[in-house]
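# sequence first, predicted model second:
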Amino acid sequence: MWVYVIRRILQVIPVLFLISLATFALLNAMPGDPLAELMMADPDMSEEDLANLRRIYGLDQPFQMRYLRWMEGVIFERDLGSSQQYKVPVTTLIARNVENTFYLVFSSFILSLFVAIPIGIYSALRQYSLADYFWTGFSFFGFSVPNHWLGLLLLFLFSVQLEWTPVGGFQSIRVPPDFFSQLLDRLHHLILPMITLGMSSLAGWMRYMRSTMLEVIREDYIRTARAKGIAERKIIYKHALRNAILPVITLVMMAIPMMLGGAVITEAVFVYPGMGRLFWHSLINQDNFVSMAIIMIIAVLVVLFNLLADILYAWIDPRIRYD
Amino acid sequence: MTNNNNWQGPKKLIEKPSPSFSRMAFSRFFRHKLGVFGLAIFLLFSLAAILSNQITPHSIAQQNLRNRFSPPTIRRVIPTGISASSSISVLTMNNGEIYSEDLVFGIPSWYQNLEEQITTPPIIAHEYLFIGTEENNLKALNLINGTTEWKIDLESPLEKIWKTSEGILIRSGEKFALFNQDGEKISEVVVAGTLKRFFGEMNAPLIINGAGELISFSWDGEKEVLSKFKNPSPEIAFSKDKKVYYFANGYLYSYNLISSESKKLGLTPRNPSEPVYMNIVGETVFLAFKGGLTMGFDLEKKEKVWERTHEGEIIASRSGEESRIHTYWNNGRHRIINLETGGITSSRTFTGFSDIHLLGTDELGRDVFSRIVAAARISLSLGVIVALISVSVGTIVGATSGYFGGIVDSIIMRFVDFMLSIPSLPILMLLTYILGPSFETMIIALSIIGWMSIARVVRSQTLSLKEQDFSKAAKALGATNRRIIIRHIIPNTLAPVLVAMTLQVAGAILSESQLSFLGLGIQPPTPSWGNMLMNSRQYLTTAPWLAIWPGLCIFLTLISINFVGDAVRDALDPKLKRS
């Protein structure tokens, strides 16, 4: 098992290296001068100053040298470069935003999971009932609804019309500093983005859970268990669910990096200060080190969750052996 | 013998061959209700997209006007004119009705019926609305509620009212009279002859009279004929920047007040009728003729830019925002004419449902329905093109790499697996931004991402197909690898590829709308469902329909494609279970 894990991690290193190289190359190929904004802010800047700035930012170096320098910083100094737009190190900037995105992704993940799995099981057990039809219809809706539109609709309904939720942001200004009211305030701001981000995965998992459950329930060993007179509850939760949930786990694990992608849209709709919005802004403002860092974070997360899914799979399903 | 007669098996087989696979698939598809429903919606959208050139705002506006707002052939109540300040606009009718509209909120403000004929166009000046009525009256109305504040009886009919900095100037009979805002006469000058046009400043008024003379006069009664436009005499004129532009005998002329030179500017319509209205906005001369002909003439290019004929005759007009002119016609229509193109633009911004604008208008007064239809064309064609490219590339890569295997295969598939597990949106954002956002680069970027999932599907199919007997038989018969791949492997992967392709179309349309939403896709003013949605966010409180319609279109397209995909999967491979 450990050998397998270590081998997987080692396999991942060249992939991450290639991704970083490709991203770095792409970002360097971007049209426009990264110093354009600085030049605009101070049109009197002399050629000499510009050259100096280029040297400071390393823009006078050839591409491979710049890449190596960046790589060196990342590996040895945990330095991801600095943001030109915000004039702070990228690590600080990301640390400021990563927390919000984590709350968003984590809460919508939990929401989707705790809604999708029980409902999936429920509609599988009562196939062709009214509730099953309703949830199947709902999952079709959730699967097809574009999340930017869903976000706008929720905003319009709950923030503009009913005024139940705030229009955007992640916290109110005047909130008592105690933990409970802070938490409530955060949740208040989170509820709509959470639903928006979680909707498609919720629908997907619900559908998937239902179909795997339906498949498993027709298996011979379930019939055998029934024949032996085991309580229905026990059959469902001990025998059927454990088998049905296996393929869902891979799907669920892979959804976390996917949700990070969806967070870009959600954060844009709800003006929520997170990594997705940061990535969007850094891309548009040519803040290359920031974009680079976020892409690398997503890539690492993908690798991590791939691995985690495999390990979880092995742990839950004793039939799988890794040599 | 009897045995032979009874034995009918092979005969039956020959007479009734089993239905072909494709026919079976078709019938299975059409048994799938949701699939047929989805296909119907998708075809409807495609039809709208294909016909989008026919469904332009003009034709929609005109059709609806013709069908529902067609006025009675003889209409007694016609507008006499319109006047507007920055906050209020007033429309007067010849029967004495006055409608006013609050321009700040875009709602009707007050209504008055004077029950006597209004003979002049209204003028808003100095916090009053001035009108002339049939009893030779000059009336000043309160702008807030429309009540009459004061009125003056004149000896002769009132021809026209102008706004000046001192007060108002009227032409009554052969007199010009200047009144202050309280109705006291400041001065009066008699200028004989019929009046054609009055313009110029208050301290240096200029008129053109019926004899074609350009006359300047001063308020103490001195008159001077500056020029006599011999032949042709001006039919309509407008002054701007020390120049008088006039239309005469089918040509547009300019007369320089300083150098006293007349210049022929250009040719105007072939069959000009009597000009009824002239205005200059920016560098464009707007001319309207009897019979509904309107024309735009560019003063810089010195040429006619456009010429259009509308139903009815223009009665009044006022210049609107951004080179638009509001025109009021004798058949009761209010047309806003874009001076750059001559086309009718929508009547106002942010109107909701109406007969002219099926889905309302946006912040620039653009018809939302037309934009949605135009965007459908972009989104659907993009989805289909991306799917076709992805399928071609993905099938070739997947089939060759699955067929030959080896190190190249494992490298490609490692790469594909990894790329597929990365969220596509950040990568697409990066790609479209680097390539520069446009329709073509979006196709490239979406295809770069899109081929991978197809390749994976095709490869896994190929791995099993190449081990099957027919491939081995073909190989044994001496078929080349290329022939086996093209003739035997690829046709057999069609079923799963078709399903994957429907998903590709949906995915591309969704990604397009998301990228456009983030400003990295189709760039405004070209409409796309995504950029319409992004734009709508800031008007969510005032105009929620802007957010509803484009999003509903994306949603309907995606759900219909998903339905079709489900049905196709069921139809092509009954063994696969429905999920």
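Looks like it arrived, so ask away.
# C-alpha from now on. contacts and neighbour counts both.
Noted.
# what parts of the stretch 451-579 of chain B come near chain A?
B:510, B:514, B:517-518, B:533, B:537, B:540-541, B:544, B:547-548, B:551-552, B:554-555, B:558-559, B:562, B:578-579 (C-alpha under 8 Å from any C-alpha of the partner chain).
# just the buried members of the residues you listed?
The neighbour count (16 or more other C-alpha atoms under 10 Å in any protein chain shown) marks B:510, B:514, B:517-518, B:533, B:537, B:540, B:544, B:547-548, B:551-552, B:554-555, B:558-559, B:562 as buried among those.
# one step back: mind checking which of the residues of the stretch 451-579 of chain B next to chain A are in helices?
Cross-referencing those against helices under DSSP state H gives B:510, B:514, B:517, B:533, B:547-548, B:551-552, B:554-555, B:558-559, B:562.
# give the rounded mean pLDDT of stretch B:154-170.
Averaged over stretch B:154-170, pLDDT sits at 79.
# keeping just the C-alphas, turn it into PDB.
Output of stretch B:154-170 as PDB, limited to C-alpha atoms (Å, rounded to 0.1, in the frame of the first residue of the first chain):
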ATOM      1  CA  LEU B 154     -53.200  87.700 -29.400                       C
ATOM      2  CA  GLU B 155     -54.700  89.500 -32.300                       C
ATOM      3  CA  SER B 156     -53.600  87.000 -34.900                       C
ATOM      4  CA  PRO B 157     -53.000  83.200 -35.000                       C
ATOM      5  CA  LEU B 158     -49.900  82.000 -33.300                       C
ATOM      6  CA  GLU B 159     -47.600  80.300 -35.700                       C
ATOM      7  CA  LYS B 160     -44.600  79.200 -33.700                       C
ATOM      8  CA  ILE B 161     -42.900  79.500 -30.300                       C
ATOM      9  CA  TRP B 162     -39.200  79.600 -29.600                       C
ATOM     10  CA  LYS B 163     -37.300  79.300 -26.500                       C
ATOM     11  CA  THR B 164     -34.800  82.100 -25.700                       C
ATOM     12  CA  SER B 165     -32.600  83.000 -22.800                       C
ATOM     13  CA  GLU B 166     -34.700  86.100 -22.000                       C
ATOM     14  CA  GLY B 167     -38.000  84.400 -22.200                       C
ATOM     15  CA  ILE B 168     -40.000  83.100 -25.200                       C
ATOM     16  CA  LEU B 169     -40.300  84.500 -28.700                       C
ATOM     17  CA  ILE B 170     -43.500  84.000 -30.700                       C
END
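# what residues does that stretch touch?
B:119-126, B:130-138, B:171-173, B:176-181, B:202 (C-alpha atoms under 8 Å, 6 or more residues apart in numbering or on different chains).
# go on, stretch B:531-550?
Against stretch B:531-550 from outside (C-alpha under 8 Å, 6+ apart): A:148-149, A:152-153, A:156, A:160, A:269, B:350, B:352, B:359-360, B:362, B:368, B:372, B:513, B:516-519, B:521-524, B:529-530, B:551.
# if we use 7 Å, what do you get?
Residues from elsewhere that reach stretch B:531-550, judged by C-alpha atoms under 7 Å, 6 or more residues apart in numbering or on different chains: A:Leu152, A:Phe156, A:Val160, B:Phe350, B:Asp362, B:Ile372, B:Ser516, B:Phe517, B:Gly519, B:Trp529, B:Gly551.
# among the contacts of stretch B:154-170, name the buried ones.
B:119-126, B:130-133, B:135-138, B:171-173, B:176-181.
# separation between B:Glu97 and A:Ala263?
57 Å (C-alpha to C-alpha, to the nearest Å).
# next step: the buried ones among the contacts of stretch B:154-170 restricted to strands.
Judged by DSSP state E, the buried ones among the contacts of stretch B:154-170 include B:123-125, B:130-133, B:137-138, B:171-172, B:176-179 as members of strands.
# quick check, nearest of those to A:Ser108?
Using C-alpha to C-alpha, B:Ile124 comes nearest to A:Ser108 of these, at 58.3 Å.
# mind listing the residues bridging to that closest one?
B:Leu129 (DSSP bridges).
# quick one: it and B:Phe130 touch, right?
Yes. Under the criterion of C-alpha atoms under 7 Å, B:Ile124 makes contact with B:Phe130 at 6.2 Å.
# nearest residue to the middle of chain A?
Nearest to the geometric centre of chain A sits A:Leu260, at 2.2 Å (C-alpha atoms, centre = their mean).
# quick one: pLDDT of that one?
On pLDDT, A:Leu260 comes in at 85.
# give me the helices and strands touching the helix or strand containing it, please.
Using DSSP states H and E, A:Leu260 sits in helix A:241-269. Helix A:241-269 is packed against helix A:147-154, helix A:179-217, helix A:275-284, helix A:288-316, with contacts defined by 3 or more C-alpha pairs under 7 Å, 6 or more residues apart in numbering or on different chains; DSSP states H and E.
# does the last one reach chain B?
If I follow you right, that is helix A:288-316. Yes. Residues of helix A:288-316 are located near chain B by C-alpha under 7 Å from any C-alpha of the partner chain, namely A:Ala299, A:Val302.
# give me the low-pLDDT residue ranges for chain A?
The model of chain A has pLDDT under 70 over residues A:1, A:30-43, A:318, A:320-323.
# mind running it again at 50?
Along chain A, no part satisfies pLDDT under 50.
# what is the orientation angle of the helix or strand encompassing A:Val5 with helix A:288-316?
According to DSSP H and E, A:Val5 maps onto helix A:2-28. Using axes from the mean of the first three to the mean of the last three C-alpha atoms, to 10 degrees, the direction of helix A:2-28 lies 160 degrees away from that of helix A:288-316.
# burial count for B:Phe247?
24 (other C-alpha atoms under 10 Å in any protein chain shown).
# my guess is it meets B:Tyr253, correct?
Yes. Counting by C-alpha under 7 Å, B:Tyr253 is a contact partner of B:Phe247 at 6.1 Å.
# so what's B:Asp428 up against?
Wrong residue type there; residue B:428 is Leu, not Asp. For B:Leu428, the contact set (C-alpha under 7 Å, 6+ apart) comprises B:Ala445, B:Leu446.
# quick one: name whatever helix or strand follows the host helix or strand of it.
B:Leu428 is part of helix B:424-435, with elements assigned from DSSP H and E. Downstream of helix B:424-435, the first helix or strand assigned by DSSP H and E is helix B:439-465.
# what's the offset of that next one from the middle of its chain?
In this view, helix B:439-465 has its centroid 36 Å away from the chain centroid, taken as C-alpha atoms, centre = their mean, to the nearest Å.
# I'd like the mean pLDDT over that helix, please.
For helix B:439-465, the per-residue pLDDT averages 91.
# buried sites along that helix?
B:439, B:441-459, B:461-463, B:465.
# quick one, the helix or strand following it and helix B:439-465 angle?
Next along the chain after helix B:439-465, taking DSSP H and E as the criterion, comes helix B:469-476. Orientation note: helix B:469-476 sits at an angle of 90 degrees relative to helix B:439-465 (the same axes, to 10 degrees).
# next helix or strand past helix B:469-476?
Helix B:469-476 is succeeded, C-terminally, by helix B:481-483 (DSSP H and E).
# tell me the gap between the helix ranked longest in chain B and the middle of its chain.
Ranked by number of residues, the top helix in chain B under DSSP H is helix B:368-404. Centroid displacement of helix B:368-404 relative to its chain, using C-alpha atoms, centre = their mean, is 27 Å.
# give me the mean pLDDT for the following helix or strand past it.
Using DSSP H and E, the helix or strand that follows helix B:368-404 in sequence is helix B:406-421. Per-residue pLDDT over helix B:406-421 has a mean of 84.
# could you list the residues of chain A in contact with chain B?
So chain A meets chain B at A:29-31, A:144-146, A:149, A:152, A:156, A:160, A:207-208, A:211, A:257-258, A:261, A:299, A:302 (C-alpha under 7 Å from any C-alpha).
# which among these end up buried?
Using 16+ other C-alpha under 10 Å, the buried ones in the residues of chain A next to chain B are A:30, A:144-146, A:149, A:152, A:156, A:160, A:207-208, A:211, A:257-258, A:261, A:299, A:302.
# the residues you listed: which two are farthest apart?
Largest pairwise distance in those, by C-alpha to C-alpha, is 45.1 Å, between A:Met30 and A:Ser211.
# report the angle between the helix holding B:Leu428 and helix B:406-421.
Using the same axes, to 10 degrees: helix B:424-435 against helix B:406-421 is 100 degrees.
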